[in-house]
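Trainee: Below is the structure, and that's it, no one-letter string:
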């Protein structure tokens, strides 16, 4: 089943892939800037938005995203970054450049990974117990999103999702499902920009580790005064980083 997507603007293609509980609408501010000189492809990830019926693991979801976006620079946030990283590793012919925001290449310790899978299962059960709106309020109350104000969080957009779709996303593409990819990162040869919010201590460290593991084709950058959802908290600074990198690599 194909994913839902929208195309805006003209020029070199840039595909944007959102995080868990969001939809393609979460990229509107960033897309409005980029579409002035790029073709921006907005994609609802598997289990989300109008792609809610699509059930896919990270590898299959990455391919579906590549089919929706075509040959492009792919920008993924959190869950979207997991999908885009799989796409770049498995189908590099579709990826002219790669931007990973709030990303990891997987939990390496098997016991820790199993514990995360169990946590993801409990999170899915919580969604069933309390319903979508309460679940989303609780999700956004996590310390990971403590610097994200209500307007930036986009609760109304997240409410466009379905409980069944979000549950399938957690079960198929949650952090605990990601097979560690660290030993494959040095096969990436396209330009890669790894980004994190400067106040997101964990993912700032991961950004530098990812860039080092990828090698000379990768650059790490931090968005000042931003936490995990840096593109929502500081969209102007995020776009400026991405634009400078796109220009440097002629993308």
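Mentor: Perfect, I can see it now. Predicted model, so just to flag it, every value in this text is computed and none were measured. Numbering: from 1, shown residues only.
Trainee: What residues does residue 119 make contact with?
Mentor: Residues near residue 119 by Cβ atoms under 8 Å, 6 or more residues apart in numbering: residue 176. For every residue, glycine as well, the C-beta is placed using N, CA and C.
Trainee: What strand or helix carries it?
Mentor: Under the criterion of DSSP states H and E, residue 119 resides in helix 110-130.
Trainee: which element follows that helix toward the C-terminus?
Mentor: helix 132-140.
Trainee: what's that next one packed up against?
Mentor: Under the contact criterion of 3 or more Cβ pairs under 8 Å, 6 or more residues apart in numbering; DSSP states H and E, helix 132-140 touches helix 110-130, helix 155-158, helix 163-173.
Trainee: what mean pLDDT would you report for that helix?
Mentor: Average pLDDT, helix 132-140: 97.
Trainee: chain center to that helix: distance?
Mentor: Put simply, helix 132-140 sits 19 Å off its chain's centre (Cα atoms, centre = their mean, to the nearest Å).
Trainee: Pull out the buried residues from that helix.
Mentor: Using 16 or more other Cβ atoms under 10 Å as the test for burial, helix 132-140 gives 132, 135, 136, 139, 140.
Trainee: among those, which two are most distant?
Mentor: 132 and 140 (12.5 Å; Cβ to Cβ).
Trainee: mind checking how far the strand or helix carrying residue 42 is from the chain centre?
Mentor: Using DSSP H and E, residue 42 maps to strand 39-43. Remark: strand 39-43 is offset 14 Å from the chain centroid, using Cα atoms, centre = their mean.
Trainee: Give me the contact list for it.
Mentor: By Cβ under 8 Å, 6+ apart, strand 39-43 touches 3-18, 24-25, 27, 31, 34, 51, 65, 68-70, 72.
Trainee: downstream neighbour of that strand in the secondary structure list?
Mentor: Downstream of strand 39-43, the first helix or strand assigned by DSSP H and E is helix 58-69.
Trainee: Indicate each strand paired with the helix or strand just after that following helix and its parallel or antiparallel sense.
Mentor: Once the chain leaves helix 58-69, the next helix or strand it forms, by DSSP H and E, is strand 72-77. Sheet pairing of strand 72-77 (DSSP bridges) gives strand 13-17 (parallel), strand 95-101 (parallel).
Trainee: and the first one, average pLDDT?
Mentor: The predicted model assigns strand 13-17 a mean pLDDT of 98.
Trainee: got it, and the longest one?
Mentor: Along strand 95-101, the predicted local confidence has a mean pLDDT of 98.
Trainee: Residue 69 and residue 35: what is the separation?
Mentor: Plainly put, residue 69 is 15 Å away from residue 35 if you go by Cβ to Cβ, to the nearest Å.
Trainee: higher neighbour count, those two?
Mentor: residue 69 (25 against 17; other Cβ atoms under 10 Å).
Trainee: Not counting sequence-adjacent ones, nearest residue to that one?
Mentor: Nearest-residue entry for residue 69: residue 15, 3.4 Å, with adjacent residues in sequence omitted and distances by Cβ to Cβ, 6 or more residues apart in numbering.
Trainee: close enough to count as contact, that neighbour and residue 71?
Mentor: No - when contacts are counted by Cβ atoms under 8 Å, residue 15 is not listed as touching residue 71 (9.5 Å).
Trainee: Neighbour count: the two, which is higher?
Mentor: Taking neighbours as other Cβ under 10 Å, residue 15 and residue 71 compare with residue 15 leading, 27 against 14.
Trainee: Can you list the buried residues in stretch 185-195?
Mentor: Using 16+ other Cβ under 10 Å as the burial criterion, the residues of stretch 185-195 that qualify are 185, 188, 190, 191, 192, 193, 194, 195.
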